[in-house]
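Enquirer: I'll drop the sequence and a predicted model, then ask my questions.
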Amino acid sequence: MPLRKLNDFIARLEGLILTVILVAMIVLAFTQVILRNFFNSGITWADPLVRHLVLWVGFIGASVATKEDSHLAIDLVSRFLPVSLKKPTAMFVHAASAVVCGFLAHASYKFVLGEREMGEMLMPGVPTWWAIAIIPVGFGLMSLRFAIRIYHDIQILLGNEPLPPEKEKVA
């Protein structure tokens, strides 16, 4: 149960962050259009910031999709498996996904450290590495979400948790 609360807390925090980022992106883009079209000027750092905010939306959205089990998946093989093998196969896929995301989190962390050493600035007072720090954080969150899913699957198999309601899959 504590994992579920942690997962739900992270999801609420992600929702709040996504809302703030989307509002900021809309305001910045709209401001740029007004400044360029009516005043022949603009904010020099706004376009790179919006591009980096898109990166944040992508990674936070991927984490939310992983929590909701709505992430991209190739489930062709599972369609032909007997029912008795579907849950163990899904657990294996989730475990492999957790490991891969963990490795990607580690590799992207090293990348961020390299960018930190370069010392480039995205905008006045904001180093570029702050903007790309979402990459290891996003992969780390996805790895955690896959691990939590495995834990819940094990609890269901042991009979410690009820089966979740089936959700409809869009064909």
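Expert: The structure has been received and is ready for your questions. Residues are numbered from 1 along each chain as shown.
Enquirer: what residues are up against Ile60?
Expert: 14, 17-18, 21, 134, 138 (Cβ atoms under 8 Å, 6 or more residues apart in numbering). C-beta: built from backbone N, CA, C; applies to glycine.
Enquirer: quick one: buried ones out of those residues?
Expert: When those are checked for burial by 16 or more other Cβ atoms under 10 Å, the buried set is 14, 18, 21, 134, 138.
Enquirer: among the contacts of Ile60, which one sits closest to Ala96?
Expert: Ala96 has its nearest neighbour among those in Gly138, at 18.1 Å by Cβ to Cβ.
Enquirer: for the closest residue to that closest one other than its chain neighbours, phi and psi?
Expert: Spatially, and ignoring its direct neighbours in sequence, Gly138 is nearest to Phe59 (2.9 Å; Cβ to Cβ, 6 or more residues apart in numbering). The phi and psi values for Phe59, taken as degrees, to the nearest 10, are phi -70, psi -40.
Enquirer: burial count for Phe59?
Expert: Here the count is done by other Cβ atoms under 10 Å, and Phe59 has 21 residues near it.
Enquirer: mind checking pLDDT for it?
Expert: Predicted confidence (pLDDT) at Phe59: the value is 95.
Enquirer: Leu72 now?
Expert: The pLDDT attached to Leu72 in the predicted structure is 65.
Enquirer: hang on, the earlier thing: tell me which of the buried ones among the contacts of Ile60 fall in helices.
Expert: By the criterion of DSSP state H, membership of these in helices covers 14, 18, 21, 134, 138.
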